[in-house]
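Chemist: Provided below are the primary sequence and the corresponding predicted coordinates.
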Amino acid sequence: MDYQKHSEEQNKRSDQVQVNENQWASKVKRFKNHQRAEIKGTTTIKRNNKVVESMYHVILNKVKILYSTLPNKSDRVIVELNLKAHPLNVVDMHCLLTPHFLFHLEADILGNYKIEYHFHNCPFESEIKTLMKKCCINPFSSQRMNIADYNAYFKEVLRVQPEKFIHLL
């Protein structure tokens, strides 16, 4: 089947998309862990967090450049969420998902920023790992091991997320 942006366009779970839209539109505002860290964090936490977030975005932009070079349209589909803007989410700050890679920035309850990632047959795994090492984020990152079937997970994300977060590079 032909599609404009991604393979799950015709298989959207409209009820779940609406739940997500409603959450994004919520007027309720939560005090977020990253805000707490900016206000109450120690000098060391604030300095580390600034570096971790900056390096996360450096790597994020390079990953998007790498993915934009892939010849297969279905491999260039990404879901990108600026979760700092989500009114209800207190922990997560940003998330990028591709068909082969998940990259996630969060602030824990103590205000420490950390990065989680997951590779699934990623064509750029070695390049991304090298970049992560060069950016010195390894002490602030961990590989997420709990995604048993990443293909199914990514397809479900495409089905339940609003289209405004899904892009074709």
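Modeler: In hand now; what should we look at? Numbering: from 1, shown residues only.
Chemist: how far away is Lys129 from Tyr117?
Modeler: For Lys129, the distance to Tyr117 (Cβ to Cβ, to the nearest Å) stands at 9 Å. All C-beta atoms are positioned from the backbone trio N, CA, C, and that covers glycine.
Chemist: so the residue nearest the centre of the chain is in which element?
Modeler: In the chain, the residue lying closest to the centroid (Cα atoms, centre = their mean) is Cys95, at 1.3 Å. Element membership of Cys95 [criterion: DSSP states H and E] is strand 92-97.
Chemist: over to Asn151?
Modeler: Assigned by DSSP H and E, Asn151 belongs to helix 150-160.
Chemist: using CSV, list the CA coordinates for that helix.
Modeler: The C-alpha trace of helix 150-160 is given here as CSV (Å, rounded to 0.1, in the frame of the first residue of the first chain):
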residue,chain,number,x,y,z
TYR,A,150,10.7,-2.8,18.9
ASN,A,151,9.1,-3.1,15.4
ALA,A,152,5.6,-3.6,17.0
TYR,A,153,6.4,-0.8,19.5
PHE,A,154,7.3,1.7,16.8
LYS,A,155,4.2,0.8,14.7
GLU,A,156,2.0,1.3,17.7
VAL,A,157,3.6,4.7,18.4
LEU,A,158,2.8,5.6,14.8
ARG,A,159,-0.8,4.5,15.3
VAL,A,160,-1.4,6.5,18.5
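Chemist: still on that earlier bit, pick out whichever of Lys129 and Tyr117 has more residues nearby.
Modeler: Using other Cβ atoms under 10 Å as the criterion, Lys129 and Tyr117 rank with Tyr117 on top: 21 against 15.
Chemist: helix/strand/coil for that one?
Modeler: The assignment at Tyr117 comes out as strand when based on DSSP: H, G, I helix; E, B strand; the rest coil.
Chemist: again with Asn89
Modeler: With three-state DSSP as the basis, the three-state label of Asn89 is coil.
Chemist: neighbours of it, how many?
Modeler: 18.
Chemist: OK, contacts around the residue nearest to it when sequence neighbours are not counted?
Modeler: Excluding the flanking residues, the one nearest Asn89 by Cβ to Cβ, 6 or more residues apart in numbering is Leu83, at 5.1 Å. Taking Cβ atoms under 8 Å, 6 or more residues apart in numbering, we find Leu83 in contact with 89, 92-95.
Chemist: for Val52, see how far away the residue nearest to the centre of the chain is.
Modeler: 15 Å.
Chemist: Gly111 contacts Gln35, correct?
Modeler: No: taking contacts as Cβ atoms under 8 Å, Gly111 lies outside contact range of Gln35: 9.2 Å.
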